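Student: Have a look at this fold, sequence not included:
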């Protein structure tokens, strides 16, 4: 994979002469291994158990440390860094509470397949199990929320373990890896071992399949060539695979003339201003994308996992289609949806092979059928499912995000979000044309993700514009990271869609619970402008629709972190929507066709 | 009730990727019992990973045995009996394969004939006719008496799960007070080894 080649910094021939060098301190081994793995930034927070490593950090200049204000923020920042660069994000936290605070971030990275290596301090090996101060069973706690984890008990295994952690984090389906480092290991003396040579060095057991089975790919291409109503359904796997996969996807979509939709995680892998782009699929996806999913006869899933937010009711999910599923993780196959043609391998490799076969055989899609398919799609598009009315004196949330897009689209802009209505509006109204520019917590749905992720992306791209589209409830979950942004001169912009409600909770209470808004209204919100100023950021507020543009321009002109408090319509709901328990073709297009019975029966119990 | 899969289903029709199963079989809603064997690195936490996977994803474990089988290579073998629909069992195998310290996972129920054995120690307390009858049944099952007092026996019985179940059932009215079972150890028939 391309990402591996990029991440592994080449070491000069001299230093490789002997595989094992002179004895050094465990903490020095840690730093040296990180450097060899190409780490230039570590997000972390010091504490007793990691003091030896922080002491070594102090003595060197090649790795920059970003001091966060909470360990959850460190992991999310590393996720933002990883997702915007394609590299492995690196985290360093202390034992006990440092490690437990990181758990939400690790789980988030696991669900969204983000490569992270998280080094956690641990009490000295002889104290493990004694309920020592700041002791937690970190490998036990993080076992289900990491791709893999290690407890290093021997300083001579330290370098090898860290190299392996980076390999596991980035190989195959990426994910978070924890390396737990007892303090006596960091302070002990041992030998440094270089990273194994070569990009595809053979791990003892973990060797994910990258090259797809040729006969499976051929069968897939034959299915595609005979399709009448084909549809590409792509996900985060294409972006994780790297730029080569993204380029191949674009070529294949052009070559075939098929429509394409994508999951929340896959936005940006195909240009949203292209005519073949149908928009996002799923619960708050576009009408045309969901109807196409329902009615297609050949579905080509590249790197998506048939998540419940995408499929809706599985019993009615795309009933008439043959399903091709390309995924690097065999456990994604037939997990939620039984597919007709599983293709295990790297998305980039599979897409390249599909292009080659399509060209070699001189395939051409059935033009008559395809035309009639595009006509159906045009009819669905004509419903204009994202329509909203910006009238009167109140700002519609959709309008604010639409204006943000229009005013920032000509700059290099990275967007992160928190979780809720604003997140879905961002996915609908901010249009992405490039991969790695959109970072949102898709699988876990972590409120508080956006601000630290924005800081991570900004650290990786200091000259770019990085905007966290936030809600006023989510932003308060990791608001302390504003202090990190100020300290490290990361001029992130926090664009708060403020409706004073946990909007998505309120929307569901409206649809499911008779409008009894139990605890979803936030009384006593802070004054976000003053809050920003207290942190040393700039604060702006806008409540007049006519001033939205000027406020966004002012935000962009300020060279330090900014909070923009956009006071929006409190009652606006996020549409279109597939109510839980319903099928793709039972979308609600707006409040007009929703009623008391929008969700009923089994749907009530779904999340 | 879990059933054993029919023999006719044994040979996969296609080989789209290693271990892939035809769509029609995945849609089978009947629950089957499967014996899985995995070779794993003998390192701290590997059993916890396997058990955590099962509990975390709601899979069912009927029995589980683990022991080191290759000291030089630091390998242990985990034998696992589980039951589920075809789709679930395929999912279990794929999820097990995803664990980093796992070398190989074999479905001994699916991948050709295999033998499975477990051992049980069964304590039976009684005197008179019941005691004699317990000994007689022990003989029939080729169970060894490994401990004896004037009013009790400990039988050691070896066999497949059904045989051990049957023995225990018969001992219940004869004064069975305690059972200790090892769970299933299983291996494929024929000359091929698990890693081939």
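Tutor: Everything's here; your move. None of the values given here were measured: they were computed from a predicted structure. Numbering: from 1, shown residues only, chains lettered A, B, ... in the order given.

Student: Okay, the residue nearest to residue A:73 when sequence neighbours are not counted and residue A:232: tell me how far apart.
Tutor: Spatial nearest neighbour of residue A:73, excluding adjacent residues (CB to CB, 6 or more residues apart in numbering or on different chains): residue A:452 at 3.9 Å. (Each C-beta comes from the backbone N, C-alpha and C, glycine too.) For residue A:452, the distance to residue A:232 equals 32 Å [CB to CB, to the nearest Å].

Student: the more surrounded of those two?
Tutor: Per other CB atoms under 10 Å in any protein chain shown, whichever of residue A:452 and residue A:232 has more neighbours is residue A:452, with 33 against 28.

Student: In which helix or strand does that one reside?
Tutor: Per DSSP states H and E: residue A:452 is located in helix A:450-460.

Student: could you say what helices and strands the helix or strand following that helix packs with?
Tutor: Using DSSP H and E, the helix or strand that follows helix A:450-460 towards the C-terminus is strand A:465-471. Other elements packing on strand A:465-471 under the criterion 3 or more CB pairs under 8 Å, 6 or more residues apart in numbering or on different chains; DSSP states H and E are helix A:397-408, strand A:413-417, helix A:421-429, helix A:450-460, strand A:493-498.

Student: and residue A:130, which of these is closest to it?
Tutor: The closest of the helices and strands packed on strand A:465-471 to residue A:130 is helix A:450-460. By CB to CB, the value is 33.3 Å.

Student: picking up where we left off before, check the model's average confidence along the helix holding residue A:452 for me.
Tutor: Averaged across helix A:450-460, pLDDT comes to 98.

Student: Then stretch A:106-124?
Tutor: 98.

Student: do the same with stretch A:559-570
Tutor: pLDDT averaged over stretch A:559-570 gives 98.

Student: and the nearest residue to residue A:209 once chain neighbours are set aside, bridged to which residues?
Tutor: Closest residue in space to residue A:209, ignoring its immediate chain neighbours: residue A:344 at 5.3 Å, by CB to CB, 6+ apart. With DSSP bridges as the criterion, residue A:344 is bridged to residue A:327.

Student: picking that back up, now render the helices and strands packed on strand A:465-471 as TSV, adding distance to residue A:290.
Tutor: Shown next, in TSV, are those (distance: least, CB to CB, whole Å):
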stretch	distance to residue A:290
helix A:397-408	19
strand A:413-417	21
helix A:421-429	13
helix A:450-460	26
strand A:493-498	24
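
Student: just the ones you listed: most buried one?
Tutor: Highest mean neighbour count among the helices and strands packed on strand A:465-471 (mean count of other CB atoms under 10 Å in any protein chain shown): helix A:450-460, with a mean of 31.

Student: Show the pLDDT at residue A:148.
Tutor: 98.

Student: What helix or strand is the closest residue in space to it that isn't next to it in sequence located in?
Tutor: Nearest residue to residue A:148 in three dimensions, chain neighbours excluded: residue B:100, at 4.3 Å (CB to CB, 6+ apart). Using DSSP H and E, residue B:100 is not contained in any helix or strand.

Student: Is residue B:100 in contact with residue A:205, as I believe?
Tutor: Yes. Residue B:100 lies in contact with residue A:205 (CB atoms under 8 Å); the separation is 6.3 Å.

Student: More neighbours: which of these two?
Tutor: Relative neighbour count places residue B:100 above the other of residue B:100 and residue A:205, with 21 against 15, counting by other CB under 10 Å.

Student: Tell me the residues on chain A that lie near chain B, please.
Tutor: Contact residues, chain A versus chain B (CB under 8 Å from any CB of the partner chain): A:139-140, A:143-144, A:147-148, A:151, A:168, A:204-206, A:209, A:212-213, A:215-216, A:219, A:329-331, A:333-335, A:338-344.

Student: what angle separates the helix holding residue A:452 from helix A:421-429?
Tutor: Counting by axes from the mean of the first three to the mean of the last three CA atoms, to 10 degrees, helix A:450-460 lies at 50 degrees to helix A:421-429.

Student: Check the offset of helix A:450-460 from the chain's centre.
Tutor: Distance of helix A:450-460 from the chain centroid (CA atoms, centre = their mean, to the nearest Å) equals 12 Å.

Student: Stretch A:453-465 too?
Tutor: Averaging C-alpha positions (CA atoms, centre = their mean) puts stretch A:453-465 15 Å from its chain's average.

Student: now do stretch A:218-236
Tutor: 25 Å.

Student: List the buried residues of it.
Tutor: Buried residues in stretch A:218-236, counted by 16 or more other CB atoms under 10 Å in any protein chain shown: A:219-221, A:223-225, A:227, A:229-236.

Student: how about the residue in chain B that chain A sits nearest to, what does it touch?
Tutor: Nearest to chain A, among the residues of chain B, is residue B:94, at 3.7 Å (CB to the nearest CB). Contacts for residue B:94 (CB atoms under 8 Å, 6 or more residues apart in numbering or on different chains) come out as A:329-331, A:333, A:335, B:19.
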